[in-house]
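# Let's see this in three dimensions:
(2 chains)
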Amino acid sequence: ELKVEQNPLFLSMQEGKNYTIYCNYSTTSDRLYWYRQDPGKSLESLFVLLSNGAVKQEGRLMASLDTKARLSTLHITAAVHDLSATYFCAATANTDKLIFGTGTRLQVFP
Amino acid sequence: GAVVSQHPSWVICKSGTSVKIECRSLDFQATTMFWYRQFPKQSLMLMATSNEGSKATYEQGVEKDKFLINHASLTLSTLTVTSAHPEDSSFYICSASTFRDEKLFFGSGTQLSVL
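Below is the predicted model of the structure:
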């Protein structure tokens, strides 16, 4: 059974700092997703990673995937307040059924 | 524009009543849709997989008689919460299966509050 774990659960960081969110999954997954959720809103798709070594970047966010370690990371560079949100990773194995991580609540303060 | 539309976005109902939530794929045909539930400050939990023209597949622990799913067409799936109780209050989100841009798209979500 596929399980997905994320850490940290909560992250408070100062503007301008860098940090990484980690996502581990328990069994082989063919796709790894990252989503952003603002309070009371649905999910906004950030990245989808399909193969080992895949790296995608958009703005201050960069996601990577290591399928051998069953690990994906979401790196935040020079954080700004607008990045405050909850970030979820999700994995899927041979279907479109997503198994979500616990989520990381990110708070960026001045 | 939105790829997946969900309606209503917010509903308040009395305990014991039934509530129907609609999920529509606007510009593609979705043979499969998924329904998730999210409690405050928690992750999303898959409830069921909705298959067009056949019975839904429910995840372990989800009462199929309480959460009725109908996927009568390739663009519409509905989730009916029957005899709702306060513990059913939650944020419900649907997603539709498409490989457009290698992404899965989610509806806007429905906040259900049962009094």
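# Would you mind measuring from B:V81 to A:F47?
Applying Cβ to Cβ, to the nearest Å, the value for B:V81 to A:F47 is 33 Å. C-beta coordinates here come from the backbone N, C-alpha and C atoms, glycine included.
# And for B:K14?
For B:K14, the distance to A:F47 equals 42 Å [Cβ to Cβ].
# Looking at those two, which one has more neighbours?
Counted by other Cβ atoms under 10 Å in any protein chain shown, B:K14 and A:F47 do not tie: A:F47 has more neighbours, with 23 against 8.
# you'd agree that one is up against A:E58?
Yes - assessed by Cβ atoms under 8 Å, A:F47 is found in contact with A:E58 at 7.3 Å.
# Might you enumerate the residues of chain A proximal to chain B?
Residues of chain A lying close to chain B (Cβ under 8 Å from any Cβ of the partner chain) are A:31, A:33, A:35, A:40-43, A:45, A:48, A:50, A:88, A:90, A:96-103, A:105.
# again, 7 Å this time
Proximity of chain A to chain B, by Cβ under 7 Å from any Cβ of the partner chain, involves residues A:42-43, A:45, A:48, A:50, A:88, A:96-98, A:100-103.
# Give the buried residues for stretch B:26-36.
B:A30, B:T32, B:M33, B:F34, B:W35, B:Y36 (16 or more other Cβ atoms under 10 Å in any protein chain shown).
# Just the mean pLDDT for the helix or strand encompassing A:Q107, thanks.
Following DSSP states H and E, one finds A:Q107 within strand A:104-109. Throughout strand A:104-109, pLDDT has a mean value of 95.
# Check stretch B:60-71 too.
Stretch B:60-71 carries an average pLDDT of 93.
# now the end-to-end length of that stretch.
Terminal residues of stretch B:60-71 lie 20 Å apart, using Cα to Cα, to the nearest Å.
# Over to stretch B:36-54?
Termini of stretch B:36-54 sit 19 Å apart (Cα to Cα).
# Quick one: residues in contact with it.
A:88, A:97-98, A:100-103, B:31-35, B:56-59, B:62, B:67, B:69, B:71, B:73-74, B:77, B:90-93 (Cβ atoms under 7 Å, 6 or more residues apart in numbering or on different chains).
# In strands only, show me the residues you listed.
Within these, residues falling in strands by DSSP state E are A:88, A:100, B:32-35, B:57-58, B:67, B:69, B:71, B:73, B:77, B:90-93.
# Are any of these buried, and if so which?
Burial by neighbour count, 16+ other Cβ under 10 Å: within the ones in strands among the contacts of stretch B:36-54 this picks out A:88, A:100, B:32-35, B:57-58, B:67, B:69, B:71, B:77, B:90-93.
# Quickly check the residues you listed for the two that are furthest apart.
A:F88 and B:H71 (24.9 Å; Cβ to Cβ).
# quick one: contacts for the closest residue to A:T27 other than its chain neighbours?
Nearest residue to A:T27, sequence neighbours excluded (Cβ to Cβ, 6 or more residues apart in numbering or on different chains): A:L2, at 5.1 Å. Shown in contact with A:L2 (Cβ under 7 Å, 6+ apart): A:Y25, A:S26, A:T27, A:S29, A:A91, A:A93, A:I99.
# Most neighbours among those, which one?
Per-residue neighbour counts (other Cβ under 10 Å) across those peak at A:A91, which has 26 neighbours.
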